[in-house]
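>>> here is a sequence together with a model predicted from it:
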Amino acid sequence: MIKTQIPQHLLTDEWARLPKPGERFCGLSRTTLLELFEQGNIKIAAVRKLGSQKAIRLLHVPSLKAFLETCIEEPPVKPFPRKKQCHDKPNTTSGSERVIPRSSANHD
């Protein structure tokens with residue numbers, strides 16, 4: 001197997017190599033990234049030598065970041081915490097006490 005070195009000028013904050021099968025980039029698998037590319041959501045460049053069939057695939061990181069920004073979900077608005085009402089039963093057990101429920105077969 002021939003190992004190809006990616007030129008350093010291509011490895012910047014703007015471009016990153018696609019993860020190998022089984023690995024992840026920003027929590028996304030190679031397959032998911034390729035599907036996002038096929039759907040037109042992100043950009044990927046294929047760098048190959050003249051006449052070569054194989055290519056090194058580089059991910060355009062800004063396009064991935066832009067896509068992820070569109071996926072941000074706003075947290076739901078949480079209601080204010082409920083205030084303890086006077087009819088709520090206080091917790092009378094301490095941390096060392098255990099409450100053991102009585103079984104229906106064990107009547108005294």
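Yep, it's here.
>>> what residues are up against the closest residue to Pro62 other than its chain neighbours?
Leaving aside its chain neighbours, Pro62 sits nearest to Glu14 (6.2 Å; criterion: CB to CB, 6 or more residues apart in numbering). The C-beta positions use only the backbone N, C-alpha and C, and glycine is treated the same way. By CB atoms under 8 Å, 6 or more residues apart in numbering, the contact set of Glu14 is His60, Val61, Pro62.
>>> reformat those as CSV; add neighbour count.
Putting those into CSV (neighbours: other CB atoms under 10 Å) gives the following:
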residue, neighbour count
His60, 16
Val61, 17
Pro62, 13
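>>> in strands only, show me those.
If you go by DSSP state E, the contacts of Glu14 have His60 in strands.
>>> go through the contacts of Glu14 and say which is closest to Ile42.
His60 (6.6 Å; CB to CB).
>>> my guess is the closest one contacts Ala45. True?
Yes: counting by CB atoms under 8 Å, His60 does reach Ala45; the two are 6.9 Å apart.
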